[in-house]
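Colleague: sequence and predicted structure below; questions after.
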Amino acid sequence: MIQINSVASYLPKKIVTNDDLSKTLDTSHEWIYTRTGISSRHIAADDEFASDLALNAAKTALKKSNLDPKDLDAIIVTTITSDRRFPSVACKVQGKLGANKAFALDVNAACAGFIYGLAVADSMMKSMNLRNVLLIGSETLTKFVDWTDRSTCVLFGDGAGAFVLQNSTDNSRGIIATKLYSNGHEEKYNYLLAHSSLQKVDKNYVTMVGRSVFKYAIEYMAMSMTEILEENNMSIDDIDWIIPHQANKRILESMCKMKNFPIEKVIITTDTHANTSSASIPLALDDAITNRTVKKGDTLLFTALGAGLTWGSAIVRL
Ligand code: UT7
């Protein structure tokens, strides 16, 4: 099975609270916190890009796995905020790490990116017989928000999370299943006419119809979790922790209510991370491992929805 050997993350130093935002925007901590569960977010420096965040998370993950960059067979980065339009963030990380044996590619599935990346890594590792793969979610969405638009800018934060994945003959732990979905008819609800972080175009901002995305997120994440559990003859009782994309705490509460899933099983980091797009799942997992909530051997259910629309779920035994 393909196993998660180590988990690591990196958050930029600068922290911006809701109170900080309310000094320049017509908003309040009360509004932001009650609508989203967000109190603060980390924001990348002007000269800090997705590849820099990814590199930091990658180095820690390799250290935790006692691996040298030269042991890597591939580097997969999930991002929608690459430094440049091309080459990929993954290639940049590969070069900076000196991972000479590894090939590198980016995956773009917006906020569902990490689930997509996990599915891509799982199948490539099996079909190409790869031993060690670095999967990184790295995002700097705060470089693409309109800081005068209170309905979007308060929602996002920056960060990166990384997994070292290893191909193992031990079948007691690892990626049990992944399930992906897309619906391009719904692209109008959330998009970015992007250029790149390094060369921005005027009014190149994230656009989102919040209420519509909110409803889709609840319904589609709930549906994909139910389907993946059923297809694998499992129920929510077999799951120790749900680790969802962290867009909005209310979405997670409604999603659980819809399926009668216990909210106590959900890892929630919206409070201090905000929405870090495809980085949010590995960031949340690293946080939960660090504070000893999630332990080796636990069965995890990942789920996410993002622009596209894209969504999906994965079941992993840690
Ligand atoms: O990552 C995947 C993609 N994204 C998501 O999953 C996010 C999904 N959507 C959401 O999380 C929520 O829809 C939001 C948090 C974005 C918005 O919450 P809402 O309860 O849907 O609020 P709303 O957009 O319906 O706005 C309600 C009111 C409006 O005022 P009026 O028109 O009722 O007078 C907004 O102008 O709140 C106003 N508003 C604000 N007020 C204070 C919007 N943003 C703010 C703000 N501070 N920051």
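Modeller: Structure's in. What do you need? Numbers count the residues shown, from 1 in each chain.

Colleague: can you give me the strands in the stretch 201-318 of the chain?
Modeller: In the stretch 201-318 of the chain, the strands defined using DSSP state E, counting those that start in this stretch lie at 207-208, 241-244, 299-306, 310-317.

Colleague: now S22. Nearest residue, chain neighbours left out?
Modeller: Using CB to CB, 6 or more residues apart in numbering and skipping the chain neighbours, the partner closest in space to S22 is S28 (5.2 Å). C-beta: built from backbone N, CA, C; applies to glycine.

Colleague: again, but for A104
Modeller: A90 (3.7 Å).

Colleague: need the contact list for the one you found.
Modeller: Counting by CB atoms under 8 Å, 6 or more residues apart in numbering, A90 touches I75, I76, V77, A104, L105, D106, I136.

Colleague: buried ones in the longest helix along the chain?
Modeller: Looking across the chain with DSSP state H, the single longest helix is helix 210-231. Residues 210, 213-214, 216-218, 220-226, 228-229 are the ones in helix 210-231 that count as buried (16 or more other CB atoms under 10 Å).

Colleague: least confident pick among those residues?
Modeller: Least confident entry in the buried residues of helix 210-231, by pLDDT: G210, with 85.

Colleague: excluding chain neighbours, what is closest to it?
Modeller: Per CB to CB, 6+ apart, closest to G210 is S151, 6.2 Å.

Colleague: tell me what the host helix or strand of that neighbour is packed against?
Modeller: Taking DSSP states H and E as the criterion, S151 maps to helix 150-153. Secondary-structure packing of helix 150-153 (3 or more CB pairs under 8 Å, 6 or more residues apart in numbering; DSSP states H and E): strand 207-208.

Colleague: direction included, what does the strand it packs on pair up with?
Modeller: strand 190-191 (antiparallel) (DSSP bridges).

Colleague: on that earlier part again, so how far is the ligand from the residue nearest to S22?
Modeller: In this view, S28 and the ligand are 6 Å apart by CB to the nearest ligand atom, to the nearest Å.

Colleague: start the count at 7 instead of 1 going forward.
Modeller: Yep, numbering from 7; the last one is S34 now.

Colleague: Y195 contacts V219, doesn't it?
Modeller: Yes. Taking contacts as CB atoms under 8 Å, Y195 lies within contact range of V219: 5.2 Å.

Colleague: rewinding a little: does the residue nearest to G216 really touch R217, like I thought?
Modeller: No. At 10.1 Å, S157 does not count as touching R217 under the criterion of CB under 8 Å.

Colleague: using CSV, list the CA coordinates for the host helix or strand of A110.
Modeller: If you go by DSSP H and E, A110 is part of strand 109-113. Extracted in CSV, the C-alpha atoms of strand 109-113 (Å, rounded to 0.1, in the frame of the first residue of the first chain):
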residue,chain,number,x,y,z
PHE,A,109,10.4,14.1,-11.8
ALA,A,110,8.1,16.9,-10.9
LEU,A,111,4.6,18.1,-11.7
ASP,A,112,1.8,20.4,-10.4
VAL,A,113,-1.8,19.5,-10.0
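
Colleague: pairing partners for it, with directions?
Modeller: strand 80-84 (parallel).

Colleague: give me the contacts around the partner strand.
Modeller: 56, 60, 64, 94-96, 99-100, 103, 105, 108-115, 119-120, 122-123, 126-127, 130-131, 136, 139-144, 284-285.

Colleague: and of the strands of the stretch 207-324 of the chain, who's closest to the ligand?
Modeller: strand 305-312 (5.0 Å; CB to the nearest ligand atom).

Colleague: just the C-alphas of that closest one, formatted as CSV.
Modeller: Taking C-alpha atoms only, strand 305-312 is exported to CSV below (Å, rounded to 0.1, in the frame of the first residue of the first chain):
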residue,chain,number,x,y,z
THR,A,305,-8.3,5.9,10.0
LEU,A,306,-8.8,9.2,8.4
LEU,A,307,-11.4,10.5,5.9
PHE,A,308,-10.3,13.5,3.8
THR,A,309,-12.9,15.5,1.9
ALA,A,310,-12.8,18.8,-0.1
LEU,A,311,-14.6,21.0,-2.6
GLY,A,312,-13.1,23.7,-4.7
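
Colleague: just to check, W247 is in contact with L306?
Modeller: Yes. Using CB under 8 Å, W247 is in contact with L306, at 5.2 Å.

Colleague: can you list residues touching both of these two?
Modeller: V300.

Colleague: quick check: T282 touching L161?
Modeller: No. Assessed by CB under 8 Å, T282 is found out of contact with L161, at 10.4 Å.

Colleague: looking at the two, which has the bigger crowd around it?
Modeller: Between T282 and L161, counted using other CB atoms under 10 Å, the more crowded position is T282 (34 against 23).
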